[in-house]
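[1] Fold the following, please.
(one chain, ligands or ions: 2)
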Amino acid sequence: MINIPKGTKDVLPAESYKWQYVESVARETAKLFQLKELRTPTFEHTELFQRGVGDTTDIVTKEMYTFRDKGDRSMTLKPEGTAGAARSFIENGMASGVLPVKMYYITPAFRYERPQAGRLREFHQFGVEIFGSKSAQTDAEAVVMADTLLKNLGLHVKLCINSIGCPTCRAAYNKALKDFFAPKVEELCYDCKTRFEKNPLRLLDCKEENCKKINADAPQILDYLCEECAAHFESFKTCLDLAGVAYEIDPRIVRGLDYYTRSVFEFISTSIGAQGTVCAGGRYDGLIEQIGGGAMPAVGFAAGMERLLMVMEQSGVEIPAPQVPTVYLAGMDADCRHKAFEIAIALRKQGVIAEIDHMDRSIKAQFKYADKIGAKYVAVIGGNELAEGRANVKCMATGESESVYFNDMCAYFSNK
Ligand SMILES: [Zn+2]
Ligand SMILES: [Zn+2]
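    Ligands and ions are numbered 1, 2, ... in the order given. So this is what the prediction gives:
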């Protein structure tokens, strides 16, 4: 017996309609906002993620699935969707095409996480990337798109926003943070001691209780924004007001990676029993340059599909059930089954969902099976019916039966 790898999951036939539902709502919402789908490979050159995600992040240092291929090249299964999208944007010359480029993706992603943390090693993301606009209106559009998606999925969410400024104003802020944390370094957790040296902004992200306590009094980035970043943040808020999307300003959201600039945001589920972040994003004007393209503003967000589905389930969202067969064609003997087979083929050509027996069941067992799969009608073909060229059609909801000629079956079922 070979088992599924640790940290991965099958999506079984009985459950896959839930995934299809979330995906179809995501695609429909993307269409409204004129985003086109991008599909990039499952693996990329390792260097892309080292440069595009950042080689000091946990993702790159601890969690990547990296391997040497037979040509001795270092490859990595994508740990997130943005780096590949940015690579594709540069490589396909989209920068010199019509801007902005608005894209979305639904992709598996891979991180070697400890399974006991409840995280999967292969998980799935819906993500959006908009390249080419530096306008705060675009940041707001990304947020409104995420808000629309989450509401279309039936979720209750709270939006938290912040600005983390640009490299100019962040230099001043980083200095203020260093001054604040310097006398307290010894009290910080192991990871935060490194963060203090390498990227003080990420100190604010720490989940350790003691670090959180110390962070509470730390200086806030919004007090250090340069004039342009402050104006950008004002415009961002104005657009959210115009869109009627409520928000809270949370100076604690910092999005640790270096290429993030200005607007950052998170949507948090407010459903009882299902709190937590369901979607997060921000502006990352530095990314394209960081992986070898020219200066190019960008904004985007991503949501974990597993997380969305879990929160939907926990908050009691009803996902429309998959379509049941309109008709199950039951055949008494071999000849009748052939007729049932033939009619089923004809019905399906007309777009009618039809099912037949594949297990040589008795008529009684076929009825039972038809009931189990939720067929709306059962059309029985016995020896007499076959001779007379008609079937006995029973409506499963009312129990009423009527005789329908084989030739009339398509017309009969096409509007049922
Ligand atoms: Zn600035
Ligand atoms: Zn810490």
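[2] Which positions in the protein make contact with ligand 1?
    165-166, 168-169, 226, 229 (Cβ under 5 Å from the ion). Where C-beta positions appear, they are placed from N, C-alpha and C, glycine not excepted.
[3] Columns neighbour count, secondary structure and distance to Pro183 on top of those, output as CSV?
    As requested, the residues of the chain next to ligand 1 are exported to CSV (neighbours: other Cβ atoms under 10 Å; DSSP: H, G, I helix; E, B strand; the rest coil; distance: Cβ to Cβ, whole Å):
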residue, neighbour count, secondary structure, distance to Pro183
Gly165, 26, coil, 24
Cys166, 18, coil, 28
Thr168, 12, helix, 27
Cys169, 21, helix, 24
Cys226, 16, coil, 27
Cys229, 22, helix, 28
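[4] So which residues on the protein come close to ligand 2?
    189, 192, 206, 208, 211.
[5] among these, which one has the lowest pLDDT?
    Minimum pLDDT for these is recorded at Cys206 (85).
[6] can I assume that residue is in contact with Lys212?
    Yes: the pair Cys206 and Lys212 passes the contact test of Cβ atoms under 8 Å, sitting 6.7 Å apart.
[7] which of these two has more neighbours?
    More crowded of Cys206 and Lys212, by other Cβ atoms under 10 Å: Cys206, with 17 against 13.
[8] Show the pLDDT at Lys339.
    For Lys339, the model assigns a pLDDT of 97.
[9] quick one: contacts for it?
    Contacts for Lys339 (Cβ atoms under 8 Å, 6 or more residues apart in numbering) come out as 331, 381, 386, 406.
[10] give me the number of residues near the nearest residue to the first one once chain neighbours are set aside?
    I take that to be Gly331. Distances taken as Cβ to Cβ, 6 or more residues apart in numbering place Arg337 nearest to Gly331, at 3.5 Å, with adjacent residues excluded. Other residues lying near Arg337 total 19 when counted by other Cβ under 10 Å.
[11] Summarise which helices and strands the host helix or strand of Ala231 is packed against.
    Per DSSP states H and E, Ala231 falls inside helix 227-243. Contacts defined by 3 or more Cβ pairs under 8 Å, 6 or more residues apart in numbering; DSSP states H and E place helix 227-243 against helix 136-152, strand 157-163, strand 261-269.
[12] what number of residues lie near the residue nearest to Cys395 when sequence neighbours are not counted?
    Distances taken as Cβ to Cβ, 6+ apart put Tyr377 closest to Cys395, at 5.8 Å, once the chain neighbours are dropped. Per other Cβ under 10 Å, the neighbour tally for Tyr377 reads 22.
[13] And for the one 3 residues further on?
    As a burial measure, Val380 scores 21 neighbours (other Cβ under 10 Å).
[14] residues contacting it?
    Val380 touches 330, 332, 363, 391-394, counting by Cβ under 8 Å, 6+ apart.
[15] Downstream of the helix or strand in which it is found, the next helix or strand is which one?
    Assigned by DSSP H and E, Val380 belongs to strand 377-381. For strand 377-381, the succeeding helix or strand toward the C-terminus, using DSSP H and E, is helix 383-388.
[16] quick revisit: so how far is Gly273 from the residue nearest to Gly331?
    If you measure Arg337 against Gly273 using Cβ to Cβ, to the nearest Å, the figure is 50 Å.
[17] Spell out the secondary structure type for the residue positioned nearest the centre of the chain.
    Taking Cα atoms, centre = their mean, the centroid of the chain lies closest to Phe126, which sits 2.8 Å from it. Following DSSP: H, G, I helix; E, B strand; the rest coil, the label given to Phe126 is strand.
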